[in-house]
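Student: model this:
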Amino acid sequence: MTDAVLVTGAFGLVGSSTVKRLAADGRRVVATDLDIPANRKAAEKLPPGVEVQYADLTDPAAVDALVAAVAPAAIIHLAAVIPPFIYMRRELAEKVNVGAMGSLLAAAEKQPTRPRFVLASSIAVYGARNPHTHPDVLTADTPLNPADVYGAHKVAAEALVRASTLDWVILRLGGVLTVDPAAYMKMDNLYFEGVLPVDGRIQTVDVRDVARAFAAATTANAVGETLLIGGDDTHRLVQGDVAPAMAAAMGLVGGLPTGLKGDPARDDDWFNTDWMDTSRAQEVLKYQHHSWPEMLIETANKAGVSRHLLRVVAPLTKAIFTRRAAYHGRIEPYADPWGAIAAKWADPRPDGGKP
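Tutor: Numbering: from 1, shown residues only. The predicted structure follows:
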């Protein structure tokens with residue numbers, strides 16, 4: 001047994017930030033992810049002292065060897081296939097999101113001293129949230145009702161963790177954001193944001209605060225708890241305010257089209273986001289350090305001189321994004337997020353639309 005923390009999915013948005021947080025805290029970190037060129041390049045930017053062990057977590061033998069070699073004190077499991085790409089790669093996603101979980105837990109249970117297991121879950125486990133019929137905020141006890149395959153995978157993963165013999169902590173994440181402008185320049189991400197009801201409630205959180213939460217969860221007095229991870233109350237927003245505010249901070253003032261509201265009469269036509277009660281998570285993890293206004297200011301500062309150029313081209317980008325938006329030319333008054341996702345990628349429902 002060592003004092004190492006094993007972080008899976010270490011080169012993703014949350015993973016890379018978590019590795020940096022642990023290293024800054026003076027922890028011994030072993031980062032693991034797939035051995036692909038992009039991850040090799042990312043590994044070059046890791047803090048000094050971070051060890052990298054490449055592994056395919058869908059291979060049980062490789063997982064056994066990894067866990068036995070590291071003998072970690074804690075495992076932070078972040079590796080996952082997420083929306084929207086999960087909808088197109090359903091079989092692979094199940095192997096990663098559920099199958100790899102089982103292999104990791106089994107390997108951890110074989111250790112002479114069993115590590116604490118910290119799982120990255122999601123508020124997608126609660127399913128579609130119509131604010132007109134669900135005015136309450138999410139809590140750890142809110143009934144689970146996943147509306148898509150991602151939420152269903154997280155429900156299954158949580159069940160595996162709870163059934164294990166390990167000490168565990170489950171963190172259900174809200175809308176994770178970064179102040180890095182480059183992260184928002186992907187058309188698929190913009191399209192995905194555009195299909196969601198603009199009046200849907202969402203609680204965002206800075207990825208650096210998420211990293212603090214994961215680092216703290218490896219030692220905090222929270223074993224056996226499910227904690228909701230969102231930003232402070234300034235992060236309680238509606239979906240239609242998030243992307244335009246971030247775009248404006250980067251200089252694209254008015255550079256994004258306006259989406260559609262959700263149908264108040266149809267609970268199923270909303271997305272997997274809502275406000276949440278983070279009081280217990282903040283009490284034990286003390287992770288909330290970056291407010292929403294502070295994130296916008298920092299994003300603007302990082303954009304630098306490019307803000308002036310983006311402000312000039314904002315009308316053009318709005319015209320381009322409007323023509324490419326999911327609801328362009330649509331005459332129906334309300335958003336249809338699941339229908340738009342199915343049309344663009346694949347059926348998102350847990351059963352994939354099978355009878």
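Student: going forward, measure contacts and count neighbours with C-alpha atoms only.
Tutor: Noted.
Student: Name the residues that touch stretch 319-333?
Tutor: Defining contact as C-alpha atoms under 8 Å, 6 or more residues apart in numbering, one finds that stretch 319-333 is touched by Tyr191, Gly194, Val195, Leu256, Pro257, Gly259, Leu260, Lys261, Ala335, Ala340.
Student: Name the next helix or strand downstream of the helix or strand of the chain with the lowest mean pLDDT, please.
Tutor: Within the chain, no helix or strand scores below helix 306-324, which has a mean of 81 by mean pLDDT, DSSP states H and E. Helices and strands here follow DSSP states H and E; after helix 306-324, the next one along the chain is helix 337-344.
Student: So which bits of the least confident helix or strand of the chain are buried?
Tutor: By neighbour count, and taking 16 or more other C-alpha atoms under 10 Å as the criterion, the buried residues in helix 306-324 are Arg307, Leu310, Arg311, Ala314, Thr317, Lys318, Phe321, Thr322.
Student: which residue ranges form the strands in the stretch 101-250 of the chain?
Tutor: When secondary structure is read from DSSP state E, counting those that start in this stretch, the stretch 101-250 of the chain shows strands at 116-122, 168-173, 175-177, 201-206, 225-229, 236-238.
Student: For the ones you listed, state which one has the densest average packing.
Tutor: Across the strands of the stretch 101-250 of the chain, averaging neighbours per residue (mean count of other C-alpha atoms under 10 Å) puts strand 201-206 on top, at a mean of 26.
Student: Partner strands of it, with direction?
Tutor: For strand 201-206, the paired strands and their directions (DSSP bridges) are strand 175-177 (parallel), strand 236-238 (antiparallel).
Student: low-confidence ranges in the stretch 1-150 of the chain?
Tutor: Across the stretch 1-150 of the chain, residues meeting the criterion (pLDDT under 70) sit at 1-2.
Student: so which of the contacts of stretch 319-333 would you say is closest to Lys41?
Tutor: When the contacts of stretch 319-333 are compared for distance to Lys41 (C-alpha to C-alpha), Tyr191 wins out at 27.6 Å.
Student: first vs last residue of stretch 219-231, how far apart are they?
Tutor: Distances were taken as C-alpha to C-alpha, to the nearest Å; on that basis the terminal residues of stretch 219-231 are 21 Å apart.
Student: can you list contacts of it?
Tutor: With C-alpha under 8 Å, 6+ apart as the contact definition, stretch 219-231 has outside contacts at 123, 139-140, 162, 167-176, 203-206, 209-210, 213, 276-278, 280-281, 284-285, 288, 290-292.
Student: Quick one: closest of the strands paired with strand 201-206 to Arg116.
Tutor: Using C-alpha to C-alpha as the measure, strand 175-177 is the one of the strands paired with strand 201-206 that comes nearest Arg116, at 23.7 Å.
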